[in-house]
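>>> after the sequence you'll find the predicted model.
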Amino acid sequence: MDKANKKIIDQLLERASRLYWTYVIQYNQAEVYHRKLNRLTLISLICSGLIASAAFLNVIISFGISEGIGNVIIFFLGLTSTIILSYISKFDYTKRIESHIHSGTTVRRLWMKYQSLITDIKSGRFQNYEAICVQRDMLRDEEYNILKDAPITLQTAYRKADKKIHEGKHGEITKEEKVMCNESQNID
């Protein structure tokens, strides 16, 4: 393999590695939102159950003890449940989850295109340097168009992705993908 092709492969490997990180981070962000939505929904359901229990308690209390305590409990539980449901609807976690999964899938597809181009270069499919550059530049432009519209991720998702990739806990990472992400230091 000539020196020019090695340089392009190094560049492609670097881009592919960054895309793989982006893909994993997007999926982790979806997981973060999913967990948060589940927690908020559970709290809201618990509050609703407690409201029903407090209402029942209020009925019982009204037969002999002060009903003011029951009313205060019902008020605060109802307020808590309303605040949580308002928060859930305002931030529309379901839509955010779908957005991050879509973004992750789109980035993953582009990452696979980078892998294919590297394989094609190594196998000698391209006869000249200019053809390789055209393909590389097309991928670069596609990458820009995908990433400019990607949803924002939080530091939590980044840390989870870092842990999964470095500890090998990401369900879809294969031995070949790990090699691909670290290969730029080992090119012949």
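Everything's here; your move.
>>> quick one: distance of the top helix by length along the chain to the chain centre.
Ranked by residue count, the top helix of the chain under DSSP state H comes out as helix 3-61. Here helix 3-61 is found 7 Å from its chain centre; the criterion is C-alpha atoms, centre = their mean, to the nearest Å.
>>> now the helix or strand that it is followed by - C-alpha only, PDB.
Moving toward the C-terminus from helix 3-61, the next helix or strand (DSSP states H and E) is helix 68-91. Written as PDB, here are the backbone C-alpha positions of helix 68-91 (Å, rounded to 0.1, in the frame of the first residue of the first chain):
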ATOM      1  CA  GLY A  68     -58.000  18.800  57.500                       C
ATOM      2  CA  ILE A  69     -55.100  16.400  57.600                       C
ATOM      3  CA  GLY A  70     -56.600  14.300  54.700                       C
ATOM      4  CA  ASN A  71     -57.200  17.400  52.700                       C
ATOM      5  CA  VAL A  72     -53.600  18.600  53.100                       C
ATOM      6  CA  ILE A  73     -52.300  15.100  52.100                       C
ATOM      7  CA  ILE A  74     -54.500  15.000  49.000                       C
ATOM      8  CA  PHE A  75     -53.500  18.600  48.000                       C
ATOM      9  CA  PHE A  76     -49.800  17.900  48.200                       C
ATOM     10  CA  LEU A  77     -50.000  14.600  46.400                       C
ATOM     11  CA  GLY A  78     -52.200  16.000  43.700                       C
ATOM     12  CA  LEU A  79     -49.800  19.000  43.300                       C
ATOM     13  CA  THR A  80     -46.800  16.700  43.000                       C
ATOM     14  CA  SER A  81     -48.500  14.500  40.500                       C
ATOM     15  CA  THR A  82     -49.600  17.500  38.400                       C
ATOM     16  CA  ILE A  83     -46.000  18.900  38.400                       C
ATOM     17  CA  ILE A  84     -44.500  15.600  37.300                       C
ATOM     18  CA  LEU A  85     -47.000  15.100  34.500                       C
ATOM     19  CA  SER A  86     -46.500  18.700  33.400                       C
ATOM     20  CA  TYR A  87     -42.700  18.100  33.400                       C
ATOM     21  CA  ILE A  88     -43.100  14.900  31.400                       C
ATOM     22  CA  SER A  89     -45.300  16.500  28.800                       C
ATOM     23  CA  LYS A  90     -43.100  19.600  28.500                       C
ATOM     24  CA  PHE A  91     -39.900  17.700  27.800                       C
END
